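Peer 1: model this:
(one chain, ligands or ions: 1)
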Amino acid sequence: MRVTANREVCVGAGMCALTAPEVFDQDEEDGRVHLLTDNPLDEQRDKVREAERLCPSRALAISG
Ligand code: SF4
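Peer 2: Predicted structure coming up:
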């Protein structure tokens, strides 16, 4: 699994960091997403999929 995050469309809602904190963090200043890894572990996959589903701005993309 590969994850990408488009910071241009991220609105800093934070659902990703709440849902999968091992994979997503938020910028301390503007709240936008930071990827902690673009290649999550197998056991993190379900949470990453959930975060992608919950993101209100569709900023997250998953492949593989
Ligand atoms: S859930 Fe989406 S909009 Fe919110 S911080 Fe994460 S990537 Fe950005």
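
Peer 1: for the most far-flung residue of the chain relative to its centre, give its distance to Ala17.
Peer 2: Ranked by distance from the centre of the chain (Cα atoms, centre = their mean), the top residue is Glu29, with 17.1 Å. Taking Cβ to Cβ, to the nearest Å as the measure, Glu29 falls 15 Å from Ala17. Where you see a C-beta, it was placed from the backbone N, CA and C, and this is true even at glycine.

Peer 1: cool, Gly64 as well?
Peer 2: 22 Å.

Peer 1: more neighbours: those two, which one.
Peer 2: Taking other Cβ atoms under 10 Å, Gly64 and Ala17 do not tie; Ala17 has more neighbours (19 against 7).

Peer 1: neighbouring contacts of the helix or strand hosting the more buried one?
Peer 2: Assigned by DSSP states H and E, Ala17 falls within helix 15-19. Contacts to helix 15-19, defined as Cβ atoms under 8 Å, 6 or more residues apart in numbering, come from residues 5, 23-26, 33, 47, 50-52, 54-56, 60.
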